[in-house]
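Colleague: based on what follows, work out the 3D shape:
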Amino acid sequence: MRKETKIAIFSLITLALAIWGYKFLKGFNMLAKSLTVYATYQKVDGLRISSTVMVHGLQVGLVSDIFQSIDDPNLITVEMQLDSDTRVPKNAIATIASDGPMGGVHIDLVFEGTCSGNECVQDGGKLQGITKGLLASMVTPAELRLYVDQLNDGMKEVLDTLTYRLKHSDELNKSVEDVQVTLANLRRTTDRLDKMMATSAGGIERSIANVESITKNLKDNNQQIKNILANAEDLTNDLKQANVQELVGESKVTMQKLQTTLASSDKAIAELSALLQSLKSGDGAIPMLLNDKEFASNLEATLKNMDFLLRDLRLHPERYRRILSKKKMEYEHVPEEKDPALQGKGN
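Modeller: Numbers count the residues shown, from 1 in each chain. Prediction:
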């Protein structure tokens, strides 16, 4: 046998085993013979594939498929795989019932009597389908009627006893009157509260609107608030980690130096003010220079003449040699316009 043929056979066997295993895990045994029947419902109420099919509490099959009816899309057809030895009359009713308050549903095959041969539903047959609610699934109509009768009997005894107590007990009558008064007071209080709410409705609506506006603003500025809190936290950590005592000491020293500097500045300003006052009102050359215009003009002329003298001494030293010699020399006058020392300088 060729290698490719072996691989193909092995693949087919593996695929068949996988399909069989999948069906087996869902409750279907493909190797066992089964009976396929159908039922149609208006609603299936959570019925699923692999839901159990039971007869008087005995599991006899599983739901194999659920799909819309071909004849009427408003109806749901359920396919059931029953054990091959299951005997169900053709008039049996496939009832979808609840498993209990915890959820889940199953199908009960409900019928009376027995069947044999063609009287039993055959492979591909159809059954009538109905759906029961939770209460109907847990309690039969007969049991429900029995429970209601027992409840009526018990309630009747309670009502009779209560009626007797009401008729023969003054204390109970007084309690009933108190309850009635309390109810009346409660009614009046409710009326007042309604009037108060109606009067304050506008204010309450405005308050709610203001609260909503504040909440919206807080939401819009949420990121800014986070940034402010983060910055405050960073500042707090920096202050916590800093040497506060050292900073306080340095601040004190700086303040002392600043006070000393300010005191020195005040003293210098006072001395400068006194000096300016002395220059303004005192005697001497500087006050006269500031206050006497004639003195200032004479001083300016004197300084100008001294400047001319020094220039003449520098340019014509021979004029002043007679001071050191006994020989008399005539002073030679040079006009200002020809004097090189004065050329290029305005008067």
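Colleague: in what helix or strand does Leu183 lie?
Modeller: In this assignment (DSSP states H and E), Leu183 forms part of helix 170-199.
Colleague: against which helices or strands is that helix packed?
Modeller: helix 141-168 (3 or more Cβ pairs under 8 Å, 6 or more residues apart in numbering; DSSP states H and E). Any C-beta I mention is one placed from the backbone N, CA and C, and that applies to glycine too.
Colleague: what's the mean pLDDT across the helix it packs on?
Modeller: The pLDDT scores in helix 141-168 average 71.
Colleague: where do the helices of the chain begin and end?
Modeller: For the chain, the helices defined by DSSP state H cover 3-25, 134-138, 141-168, 170-199, 201-220, 222-241, 244-281, 285-291, 293-315.
Colleague: can you redo these as a markdown table with distance to Thr36 and mean neighbour count?
Modeller: A markdown table is the format used below for those (distance: least, Cβ to Cβ, whole Å; neighbours: other Cβ atoms under 10 Å):
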| stretch | distance to Thr36 | mean neighbour count |
| --- | --- | --- |
| helix 3-25 | 14 | 11 |
| helix 134-138 | 25 | 15 |
| helix 141-168 | 32 | 10 |
| helix 170-199 | 66 | 10 |
| helix 201-220 | 63 | 10 |
| helix 222-241 | 64 | 10 |
| helix 244-281 | 90 | 10 |
| helix 285-291 | 134 | 13 |
| helix 293-315 | 139 | 12 |
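Colleague: among those, show the one with the smallest mean pLDDT.
Modeller: Going by mean pLDDT, the lowest-scoring of these is helix 134-138, which has a mean of 51.
Colleague: the helix holding Leu183 versus helix 201-220: what angle between them?
Modeller: 70 degrees (axes from the mean of the first three to the mean of the last three Cα atoms, to 10 degrees).
Colleague: check the offset of helix 170-199 from the chain's centre.
Modeller: 45 Å (Cα atoms, centre = their mean, to the nearest Å).
Colleague: nearest to Leu47, of the helices of the chain?
Modeller: Closest to Leu47 of the helices of the chain, according to Cβ to Cβ: helix 134-138, at 12.6 Å.
Colleague: one step back: nearest to Gln81, out of the helices of the chain?
Modeller: Nearest to Gln81, of all the helices of the chain, is helix 3-25, at 10.1 Å by Cβ to Cβ.
Colleague: and the closest one, what other elements does it pack with?
Modeller: By 3+ Cβ pairs under 8 Å, 6+ apart, helix 3-25 packs against no helix or strand.
Colleague: and Ser34, what is it in contact with?
Modeller: Phe28, Gly61, Gln81, Leu82, Asp83, Ser84 (Cβ atoms under 8 Å, 6 or more residues apart in numbering).
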